[in-house]
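Chemist: have a look at this fold, sequence not included:
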């Protein structure tokens, strides 16, 4: 009897083992199967765009860069970019993978235009040494639709947005975008410190760092100097600000239809169908009459300012102070001493931690915001081989037309030649 009960129990167990577990996933519903299906769908989406994808990459370090991608079934991608004239004119081919890691990812395997922005070598990326432009070449998929793909960088958090290109965009998007880049970069040939952006009856001093794609607007509001800085990117219509600039209800989101006018030496554009231009200028759009005295009376440590010398027509250290053996820095010391009852300033040439010599001058402040230095003499013993450089510096420092003073940060100022704005010196 016991033997029959045992056999009956064994038969029940065997039958149960042969029956399907109601909790087992149906075919195609296991996590690994769903992931494989999703990866296949994503790759088909990338490859299926017959005209490729126009894209904008927003590095975590700021700004934006335009691309055109053409993905193929054999894991190759051909790309153009507006990083430079060369990247816009010549395609580069890379391998890519759509791969399942913790989530679906798009990996660009071989060195490409994307890798240039992430390259830690600042001579290649134009970014920060060791970090590049804080960009990515490995991404996770955030969303996928018929006409767009949104991805996020794995290492730095960059955003990459792909939009399905039209036949016209496939043929012209990057070349047209590159034309806008090229038009703006003519600003690097301007030799004056001041660059004036004018739209209708509004004028702003602007500074554009084309290597990292930052633009700064300087203006006065209620008698107070204001500045607004944002990064930008280009598309085929022009320059687009990542953050709109707003001045008393007047908003700039983009500078459209950029075009360089070589005859007049200006960059033309339009904002909301209103014509604008960027030109060289010999004086600031608005002068702060107190800036010179504020600079003079408020060195960052209460005593002196530091500088590396004059920039002349865009050439840094144009007077070659750095060629003096063991020279380290200029020390501008307002009210350093008195002579026959006259208080004078010292522009000391420092070597290590010691000032060995330097010219002296007496400042005058004008009603139009300039500071003018009148030569008094020199302190210290100037070595014969150093004398020509120090003398050239002293003559420039005491130019009779003086300098406009521009605040560039909480504790930094530029002195800009009032004669032609082609010479300036920065202090911190």
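Modeler: Okay, I see it. Here the structure is a predicted model, which is why all the values come from computation and not from measurement. Residues are numbered from 1 along each chain as shown.

Chemist: mind giving me the packing neighbours of the lengthiest helix in the chain?
Modeler: Counting residues, the longest helix in the chain under DSSP state H turns out to be helix 167-185. With contacts defined as 3 or more Cβ pairs under 8 Å, 6 or more residues apart in numbering; DSSP states H and E, the packing partners of helix 167-185 are strand 65-71, helix 85-89, strand 224-235, strand 238-247, strand 250-261. Where you see a C-beta, it was placed from the backbone N, CA and C, and this is true even at glycine.

Chemist: adjacent strands (with direction) for the following helix or strand past that helix?
Modeler: As assigned by DSSP states H and E, the chain's next helix or strand after helix 167-185 is strand 194-199. Using DSSP bridges, strand 194-199 pairs in its sheet with strand 202-209 (antiparallel), strand 274-281 (antiparallel).

Chemist: list the contacts of the last one.
Modeler: By Cβ atoms under 8 Å, 6 or more residues apart in numbering, the surrounding residues in contact with strand 274-281 are 187, 190-192, 194-200, 205-206, 255, 264-270, 421.

Chemist: buried set for that strand?
Modeler: Buried residues in strand 274-281, defined by neighbour count with 16 or more other Cβ atoms under 10 Å: 276, 277, 278, 279, 280, 281.

Chemist: now the first one
Modeler: For strand 202-209, burial by neighbour count (16+ other Cβ under 10 Å) applies to 202, 203, 204, 205, 206, 207, 208.

Chemist: swap in stretch 97-104?
Modeler: Using 16+ other Cβ under 10 Å as the test for burial, stretch 97-104 gives 98, 104.

Chemist: from start to finish, how long is that stretch in a straight line?
Modeler: End-to-end distance of stretch 97-104 (Cα to Cα, to the nearest Å): 10 Å.

Chemist: which of the contacts of strand 274-281 count as buried?
Modeler: Here, 16+ other Cβ under 10 Å leaves 187, 190, 192, 194-199, 205-206, 255, 266-270, 421 buried among those.

Chemist: so how far is residue 320 from residue 94?
Modeler: 44 Å (Cβ to Cβ, to the nearest Å).

Chemist: and residue 131, what does it touch?
Modeler: Per Cβ under 8 Å, 6+ apart, neighbours of residue 131: 61, 120.

Chemist: the same query, at a cut-off of 10 Å, please.
Modeler: 60, 61, 118, 119, 120, 122, 125, 156 (Cβ atoms under 10 Å, 6 or more residues apart in numbering).

Chemist: how much space separates it from residue 47?
Modeler: Residue 131 sits 33 Å away from residue 47, going by Cβ to Cβ.

Chemist: returning to that earlier point: roughly how far is the longest helix of the chain from the heart of the chain?
Modeler: 20 Å (Cα atoms, centre = their mean, to the nearest Å).

Chemist: ok, the contacts of residue 131 vs residue 416, which is closest?
Modeler: For those, the closest approach to residue 416 (Cβ to Cβ) belongs to residue 122, at 27.7 Å.

Chemist: count of neighbours near the closest one?
Modeler: Using other Cβ atoms under 10 Å, residue 122 has 15 other residues around it.

Chemist: look up the closest residue to it, ignoring the ones flanking it.
Modeler: Once flanking residues are discounted, residue 122 sits nearest to residue 129: 4.6 Å by Cβ to Cβ, 6 or more residues apart in numbering.

Chemist: I'd like to know how many residues surround the one you found.
Modeler: 10.

Chemist: the helices in the stretch 301-428 of the chain, which residues?
Modeler: 387-397 (DSSP state H, counting those that start in this stretch).

Chemist: can you give me the strands in the stretch 301-428 of the chain?
Modeler: Using DSSP state E, counting those that start in this stretch, the strands found in the stretch 301-428 of the chain span residues 305-307, 310-312, 329-339, 342-351, 354-365, 370-380, 403-409, 412-417, 423-427.

Chemist: likewise for the stretch 1-150 of the chain?
Modeler: Using DSSP E, counting those that start in this stretch, strands in the stretch 1-150 of the chain cover 53-58, 65-71, 76-81, 92-100, 104-108, 138-144, 148-153.

Chemist: do you know the pLDDT at the residue nearest the centre of the chain?
Modeler: The centroid of the chain falls nearest to residue 212 when counting by Cα atoms, centre = their mean (2.3 Å). Per-residue confidence (pLDDT) for residue 212: 90.
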